[in-house]
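Colleague: This is a predicted model, with the sequence first.
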Amino acid sequence: MSSFSKESFSLEFFPPRDQAGRERLLSTAKQLQIINPSYVSVTFGAGGSTREGTAETVRLFSRMGYEAAPHLSCIGADRDSICQILDAYRAEGVKRLVALRGDLPSGMGVVSSDLRHASDLVKLVREHSGDWFHIEVAAYPEMHPQAQGFEQDIEHFVQKVRAGADSAITQYFFNPDAYFSFVDSVRAKGVDIPIVPGIMPITNHTQLVRFSQMCGAEIPRWIRLRLAEFGDDRQSIRQFGTEVVTRLCQELIDNGAPGIHFYTLNNAEATLSIWENLSY
């Protein structure tokens, strides 16, 4: 029996790069208020390239009445800078973080910091800030693209939980069996935190292929063939994508997923269409 409720939705946004992007983000955030998400997360660029943008976007969402959770990555960062960020967020009343390893900035070679893994960051947050922050971490139902194997990847996830993570958000996927198998595997190792499926709406074939190659998400063959068949027919792609992702979300909800985390890409239409089609 699912414990799903209307409070089980959350949303991800990225910091806008210019004024036009800020206006689009504001418009999207206002349209998505109807979902009443439990929180919204704000992404963080490699090596802190959007650190100020993340903080400003968190403040923007807070003023709109959202609980905002900034992404925080540790690769290429030192402990003092991370602690300064934690103190600044705490002073602003931020209560939730998404703790990630992150990616090395382009051109960066050897990293001298001992913060090499997300588990190191989670441990530092707990040591520095106690239980002030609710810590989200990432999960990879289809395996992290840099992992040597599933068992290693499962163990890395378990280490993040043991370091103090409160809940997890998955990389997006289109095969629900991958999610349920991952959850069963970590439950068998004593992990009992909520693991929320991350969901990517399908709106653009080329963009989806590019994102999936970067993050290691598998696009099932039948979906790839249908999207290729649509060519440049964006309306058909959106309609098909809404149907496919709605069915995925419904299956997840019906089989006990504790929530749904939408990767909005700062657009409201696709996420709203899926949300409106769901029953829970």
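Modeller: On my side now, so go ahead.
Colleague: what are the phi and psi angles of residue 138?
Modeller: phi -90, psi 150 (degrees, to the nearest 10).
Colleague: residues near it, how many?
Modeller: 19 (other Cβ atoms under 10 Å). Using the backbone N, CA and C atoms, a C-beta is placed for each residue, glycine as well.
Colleague: Would you check that it makes contact with residue 102?
Modeller: No. The pair residue 138 / residue 102 is not scored as a contact, 10.2 Å apart, by Cβ atoms under 8 Å.
Colleague: What residues of the lowest-mean-pLDDT helix or strand in the chain count as buried?
Modeller: Between all helices and strands in the chain, the lowest mean by mean pLDDT, DSSP states H and E belongs to helix 51-63, at a mean of 89. Under the neighbour-count criterion of 16 or more other Cβ atoms under 10 Å, helix 51-63 has 51, 53-55, 57-58, 60-61 buried.
Colleague: Now render the residues you listed as JSON lines, adding distance to residue 218.
Modeller: Shown next, in JSON lines, are the buried residues of helix 51-63 (distance: Cβ to Cβ, whole Å):
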{"residue": "51", "distance to residue 218": "31"}
{"residue": "53", "distance to residue 218": "30"}
{"residue": "54", "distance to residue 218": "29"}
{"residue": "55", "distance to residue 218": "34"}
{"residue": "57", "distance to residue 218": "30"}
{"residue": "58", "distance to residue 218": "32"}
{"residue": "60", "distance to residue 218": "34"}
{"residue": "61", "distance to residue 218": "31"}
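Colleague: ok, and what's touching stretch 212-230?
Modeller: 140, 142-145, 171-175, 178, 200, 202, 205, 208-209, 211, 236-237, 240, 244 (Cβ atoms under 8 Å, 6 or more residues apart in numbering).
Colleague: Quick one: mean pLDDT over that stretch.
Modeller: Averaging pLDDT along stretch 212-230 gives 93.
Colleague: what's the answer for stretch 261-274, then?
Modeller: Averaged over stretch 261-274, pLDDT sits at 96.
Colleague: Output that stretch in PDB, but only the C-alpha positions, please.
Modeller: Extracted in PDB, the C-alpha atoms of stretch 261-274 (Å, rounded to 0.1, in the frame of the first residue of the first chain):
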ATOM      1  CA  HIS A 261      11.000  14.600  -7.700                       C
ATOM      2  CA  PHE A 262      10.500  16.400 -11.100                       C
ATOM      3  CA  TYR A 263      13.500  17.700 -13.000                       C
ATOM      4  CA  THR A 264      11.600  20.700 -14.400                       C
ATOM      5  CA  LEU A 265      14.400  22.200 -16.500                       C
ATOM      6  CA  ASN A 266      12.800  25.500 -15.600                       C
ATOM      7  CA  ASN A 267       9.700  24.800 -17.600                       C
ATOM      8  CA  ALA A 268       6.200  24.300 -16.200                       C
ATOM      9  CA  GLU A 269       4.100  22.800 -18.900                       C
ATOM     10  CA  ALA A 270       5.400  19.200 -19.100                       C
ATOM     11  CA  THR A 271       5.600  18.700 -15.300                       C
ATOM     12  CA  LEU A 272       2.100  20.100 -14.900                       C
ATOM     13  CA  SER A 273       0.700  17.900 -17.600                       C
ATOM     14  CA  ILE A 274       2.100  14.800 -15.900                       C
END
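Colleague: what's the burial count for the nearest residue to residue 44 once chain neighbours are set aside?
Modeller: Leaving aside its sequence neighbours, residue 44 sits nearest to residue 71 (Cβ to Cβ, 6 or more residues apart in numbering; 3.7 Å). Residue 71 has 22 neighbours, counted by other Cβ under 10 Å.
Colleague: go on, residue 235?
Modeller: 8.
Colleague: How about the one 10 residues further on?
Modeller: When neighbours are counted by other Cβ under 10 Å, residue 245 registers 23.
Colleague: Make sure it is actually in contact with residue 199.
Modeller: Yes. With contact defined as Cβ under 8 Å, residue 245 reaches residue 199; the gap is 6.3 Å.
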